[in-house]
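> show me the folded form of this:
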Amino acid sequence: MIQRNVILYMKEQGLKIVTINTRLRSIRAYFNFLYKQKLIRKNPVENIKLLKD
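Below is the predicted model:
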């Protein structure tokens, strides 16, 4: 869902890959924190990879 909605939305907005990757790092850090604190049961971004230039 994240890949389909968030990444495609950012691409459609015309954002550069570097910008998208920066935002993906932030999103992944946030969800990793929630998962480690046991505030969520499953990490939805564990399989999300950064985009290639």
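> from E46, how far out is N32?
8 Å (Cβ to Cβ, to the nearest Å). For the C-beta atoms, the positions are set from N, CA and C on the backbone; glycine is no exception.
> out of the two, which sits in the busier spot?
Neighbours per residue, other Cβ atoms under 10 Å: of N32 and E46, the larger number sits with N32, 13 against 10.
> and for that one, nearest residue in space, chain neighbours not counted?
N43 (6.6 Å; Cβ to Cβ, 6 or more residues apart in numbering).
> mind listing what that neighbour touches?
F31, N32, L34, Y35 (Cβ atoms under 8 Å, 6 or more residues apart in numbering).
> per-residue confidence averaged over the lengthiest helix in the chain?
Longest helix of the chain, by residue count under DSSP state H: helix 17-36. Mean pLDDT, computed over helix 17-36, is 95.
> what's that helix in contact with?
2, 6-7, 10-11, 15, 40, 42-45, 48, 50-53.
> keep only those of those that are in helices.
I2, M10, K11.
> and those residues, which are buried?
M10 (16 or more other Cβ atoms under 10 Å).
> I'm done for today, thanks for sticking with me.
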